[in-house]
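> My questions concern the predicted model and sequence given below.
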Amino acid sequence: TLKLQNNAESVKYAYLLYVDDDNSLRNDYVQTVYELFETHPNVAICVGDSELYVPDTFEVPDWWSDFASFYAVGAQGETEGVVTERLIWTAGAAFRIAALHQLYEEVGHQLLLTGRLGKKQASGEDSELGFSLQLLGYDIFYTPKLKFAHHIDTQRINVNHLQQLNAGFGAASVVLDMYK
């Protein structure tokens, strides 16, 4: 999120699309983001769905469907619309720059959560950003029209890594609970 904050300060356009190096977007993604922001002026963040992309030879573990969201894979909502109480991930998310400017520059808000740093599996910074923008009166919008592939290194899809992710989520919940 520090990268996002630094990038938001130098962006010269109205919207910023945050795409991790292990994500690939559908062809209509950018157009869909643009149309969503243009028709929903109070939306600060729009999020969508991601699909796991691994080699065909990789066998997904039995526990995967229960914990895919820990890896930022799956649907971020059930129906299209404003997200009110759900934690989000910002891989593939789009941001309204004016909202980020207001949060970081006008209000001077600093997020408490840092996200993953090196091998440290910290989490929750994306949800903290969403909660912070909601406190300023902005909306987070989910649409299943935004779809991207999440190319995950199969070495990370194991119980040990899952436990590290879960520990990071637990630590982040102390901060995130303050926003509720």
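Happy to help now that I have it. Numbering: from 1, shown residues only.

> Phi, psi for residue 49 please.
Note on residue 49: its backbone torsions stand at phi -110, psi 150 [degrees, to the nearest 10].

> Would you mind measuring from the closest residue to it other than its chain neighbours to residue 143?
Among residues not flanking residue 49 along the chain, residue 75 sits closest, at 4.7 Å (Cβ to Cβ, 6 or more residues apart in numbering). C-betas here are computed from N, CA, C, even on glycine. For residue 75, the distance to residue 143 (Cβ to Cβ, to the nearest Å) stands at 11 Å.

> What of residue 115?
Using Cβ to Cβ, residue 115 is found at 24 Å from residue 143.

> And for residue 41?
Going from residue 41 to residue 143 by Cβ to Cβ gives 16 Å.

> With residue 135 instead?
Distance from residue 135 to residue 143, by Cβ to Cβ: 23 Å.

> Which of these two has more residues huddled nearby?
Higher neighbour count among residue 135 and residue 143: residue 143, with 20 against 12, using other Cβ atoms under 10 Å.

> Return the helix or strand in this protein with minimum mean pLDDT.
helix 2-10 (a mean of 56; mean pLDDT, DSSP states H and E).

> And the next helix or strand past that helix?
The element immediately downstream of helix 2-10 (helix or strand, assigned by DSSP states H and E) is strand 15-17.

> what's the helix or strand for the residue most central in space within the chain?
Central residue of the chain (Cα atoms, centre = their mean): residue 90, 1.5 Å from the mean position. For residue 90, there is no host helix or strand (DSSP H and E).
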